[in-house]
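Visitor: everything below, folded, please.
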Amino acid sequence: MRHNYRTPALQSAPAPFILASAVLLLTCSCLDTAAAAESAKVAASSFDWRAFLAPFHSVTVHLPIGFVLLAGILDFYYLLRPSTELRKAVTLVIILSAASAVLVAGLGVLRASGGGYDEATIEKHRAFGIGVAAVTCVMALVDVLAYRGNGKPYLRAVYRTLLIVSLILIGIAGHQGGNLTHGSKYLVENAPEWVKGWLGEEEAEGGDGMHSAQAEIYSQTIQPLFEQKCYQCHGEEKQKGDYRLDTREDALAGGDSELPAVVPYRPMESYLVELITLPRDADEVMPPDGKEELTPREVMDVISWIHLGAPFDEGDELQAASP
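Guide: Below is the predicted model of the structure:
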């Protein structure tokens, strides 16, 4: 006995909705240029919609992840115990996956246009994010066609292939997004040594293992501190305020403030020290409100490191400026 999956809801609602979502998706890739052009035309006193909407990318980013995972679970259960009602539920979840993916991709493009991220990493994340939205929209359309009336069996195979592809793309895009917000070592920093070795994350031992006392304070104290509390916003993948702390040249230069962030041997003249010693309710305090703050001991470690010349553990290139 063949189930009849033709329902009024599936005949009229999903296809126009999916087509509209696809049109919206196509505009996402153009939003960077449009935002830049709009900001040039609009007066400085006008409301900045990009700045307002962009942070909602972080709020909505988990919606398509949850919906696609749920669709996969429900569809697997459908293969074991097919029913008309369950099929309707799967289709609904897939449509919600497509809608939320388009929304998240659009907000992500807006957030990326604000800058402050490593260009290569953000381009990959943006490409995979838009790819997730595109694949889920096509998957939703194929799902409706595959299970409408006497749908073609090959369309059901195409639909499940797209479901698997969307899960893979979500995993890649999510990993890259995590790298942007938490740093590339976020998932493995506390992993067992054999896991770090397998992933190529083990610490390299320099030369004969001899380091100066100045280099040791960086490698053993300052670098782990920066990795835990600073690199998320001022590392290789992301540079808020156009400032990064993971290389000596950039750490000393400062960022948008144009003030010397680190002045070797002169911690009280270093803008970095000023920022980390501000009261917690100050607007410019670092780390900012909502991030894990530095302990008094960690603040003193940074001051001591700068007092020693702000050395970086860079092998033969380790050269601290003279006082």
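
Visitor: ok, for residue 278, nearest residue in space, not its chain neighbours?
Guide: residue 285 (4.1 Å; C-beta to C-beta, 6 or more residues apart in numbering). No exception for glycine: its C-beta is placed from N, CA and C like everyone else's.

Visitor: same thing with residue 277?
Guide: residue 299 (6.3 Å).

Visitor: confirm the one you found sits in a strand?
Guide: No. Secondary structure assignment (DSSP: H, G, I helix; E, B strand; the rest coil) places residue 299 in helix, not in a strand.

Visitor: now the strands for the stretch 51-200 of the chain?
Guide: Applying DSSP state E, counting those that start in this stretch to the stretch 51-200 of the chain gives no strands.

Visitor: okay, now the closest residue to residue 111 other than its chain neighbours: neighbour count?
Guide: Take residue 111 and drop its neighbours on the chain: the residue closest to it by C-beta to C-beta, 6+ apart is residue 54, 3.9 Å away. Residue 54 has 19 neighbouring residues, counting by other C-beta atoms under 10 Å.

Visitor: check residue 192 too.
Guide: Count around residue 192 with other C-beta under 10 Å applied: 9.

Visitor: and it, how far from residue 220?
Guide: As judged by C-beta to C-beta, to the nearest Å, residue 192 and residue 220 stand 20 Å apart.

Visitor: can you give the domain ranges for the protein?
Guide: Per automatic domain parsing, the domain ranges recorded for the chain read 8-182, 194-317.

Visitor: returning to that earlier point: ok, now which ones touch the residue nearest to residue 278?
Guide: Residue 285 sits next to 275-276, 278-279 when contact means C-beta atoms under 8 Å, 6 or more residues apart in numbering.

Visitor: give me the buried entries from the residues you listed.
Guide: With burial judged by 16 or more other C-beta atoms under 10 Å, the buried subset of those is 275-276.

Visitor: wait, which of the contacts of residue 285 is closest to residue 305?
Guide: For the contacts of residue 285, the residue nearest residue 305 by C-beta to C-beta is residue 276; the value is 12.0 Å.

Visitor: quick one on the thing from earlier: these two touch, right, the residue nearest to residue 277 and residue 278?
Guide: No. Residue 299 is beyond contact range of residue 278, at 10.8 Å (criterion: C-beta atoms under 8 Å).

Visitor: is the residue nearest to residue 278 part of a helix or strand, or is it coil?
Guide: Recorded secondary structure, residue 285: coil (three-state DSSP).

Visitor: any idea of the pLDDT on it?
Guide: Listed pLDDT for residue 285 reads 79.

Visitor: need the phi and psi values for residue 239.
Guide: With angles defined as degrees, to the nearest 10, residue 239 shows backbone torsions of phi -130, psi 80.

Visitor: what's the burial count for it?
Guide: 20.

Visitor: likewise residue 257?
Guide: By other C-beta under 10 Å, the residues close to residue 257 number 13.

Visitor: pLDDT below threshold where in the stretch 1-150 of the chain?
Guide: Confidence mapping of the stretch 1-150 of the chain against pLDDT under 70 gives the ranges 1-45, 115-118.

Visitor: could you pull out the helices in it for me?
Guide: Listed in chain order, the helices of the stretch 1-150 of the chain (DSSP state H, counting those that start in this stretch) span 8-12, 14-28, 31-41, 49-53, 56-60, 62-80, 84-112, 119-146.
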